[in-house]
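Colleague: this is a predicted model, with the sequence first.
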Amino acid sequence: MSDKVIKAIVCPGCGELSKAEIHTSINPARDKTIRKRVLDGELFDFRCPSCGYTAKLNYPLLYNDMKNRFMVYLIPKIDRFQLCDNELENKYSNLRNINKRIVPTFNAFKEKLFIFESGLDDMAVELTKLAISQTVSKKLGNIEVNEGYLSMYDRETNTMGFTYFTGKDKEPYVQTARLEIYGKSKGIIDKFAYKDKKLIGFIKIDREWAENVLYRYKHFRHMEKVRKLNED
């Protein structure tokens, strides 16, 4: 089951006016096929009935997974940290303890689904991803590593893996790590991001957010060292 609207679209190929089905909200628990369609990108497909021109539509979509208790709101290019939508909050006011996130890209959208479906804490994943990206950068000669996604999680082998895109050409590089690193990140999150967990509305948990938490952690450790030196 999903909420959808029909919108008029001018075809970039032939200029003819046609109609497209736009999904505004989907619930995979009510429609068993919708999850695959959204992950494959099929839900964003447009085909002009006049000339056959095909394209990917770029529009906001709310993914509401009631079974796994999370919502991910894809809002293309959004740069806000927090989104408080009163109408949306009132619509789901009966739901409690739901992870609510906003993401600006389709890749980030798919990653959030993978994280929450795996039962992981996305805040701890982001911090782990940041820490490992710094290791990857040093390993590759201090190459630029800004973009990366969780691509593997295996509790049996005690490992998780990230695919990073490195350098100017964004070459993919896969790096695995032991889950102990994720566990340490979880401990840091519980101590230094507890306020973030209590925020109302949809929030953007990404690299920039993780860098802020890492700064808080390092600043705390520095102040602790200074305090101990003063005591000595």
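Modeller: All right, it came through fine.

Colleague: for this protein, what's the longest helix?
Modeller: helix 207-231 (DSSP state H).

Colleague: hmm, which helix or strand of the protein has the shakiest average pLDDT?
Modeller: None of the helices or strands of the chain scores lower by mean pLDDT, DSSP states H and E than helix 86-91, at a mean of 77.

Colleague: how far away from the center of its chain is it?
Modeller: Computed by C-alpha atoms, centre = their mean, to the nearest Å, the chain-centroid distance of helix 86-91 equals 21 Å.

Colleague: now it - C-alpha only, PDB.
Modeller: Extracted C-alpha coordinates of helix 86-91, given in PDB (Å, rounded to 0.1, in the frame of the first residue of the first chain):
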ATOM      1  CA  ASN A  86       3.700  19.100  11.800                       C
ATOM      2  CA  GLU A  87       1.300  17.500   9.400                       C
ATOM      3  CA  LEU A  88       3.500  14.400   9.100                       C
ATOM      4  CA  GLU A  89       4.100  14.200  12.900                       C
ATOM      5  CA  ASN A  90       0.300  14.400  13.500                       C
ATOM      6  CA  LYS A  91      -0.400  11.700  11.000                       C
END
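
Colleague: contact partners of it?
Modeller: 62, 200, 201 (C-beta atoms under 8 Å, 6 or more residues apart in numbering). Every C-beta, even on glycine, is put in place using the N, C-alpha and C of the backbone.

Colleague: next: stretch 45-54.
Modeller: So stretch 45-54 is contacted by 9, 11, 12, 13, 14, 16, 18, 20, 55, 56, 57 (C-beta under 8 Å, 6+ apart).

Colleague: switch the cut-off to 6 Å
Modeller: 11, 13, 14, 16, 18, 20, 55, 57 (C-beta atoms under 6 Å, 6 or more residues apart in numbering).

Colleague: all helices for this structure, in order.
Modeller: For the chain, the helices defined by DSSP H cover 34-39, 86-91, 106-117, 122-139, 179-192, 194-197, 207-231.

Colleague: the closest residue to residue 81 other than its chain neighbours: neighbouring residues, count only.
Modeller: Ranked by C-beta to C-beta, 6 or more residues apart in numbering and with sequence neighbours excluded, the top spatial neighbour of residue 81 is residue 204, at 5.2 Å. For residue 204, the count of nearby residues is 19 (other C-beta atoms under 10 Å).

Colleague: surely residue 204 meets residue 83?
Modeller: No: counting by C-beta atoms under 6 Å, residue 204 stays clear of residue 83, with 8.1 Å between them.

Colleague: list residues touching both of the two?
Modeller: Here residue 204 and residue 83 have residue 102 as joint contacts, going by C-beta under 6 Å, 6+ apart.

Colleague: circling back to that earlier point, rebuild the contacts of helix 86-91 as CSV, extending it with pLDDT and distance to residue 143.
Modeller: Formatted as CSV, the contacts of helix 86-91 follow (pLDDT from 0 to 100; distance: C-beta to C-beta, whole Å):
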residue, pLDDT, distance to residue 143
62, 95, 36
200, 83, 39
201, 88, 37
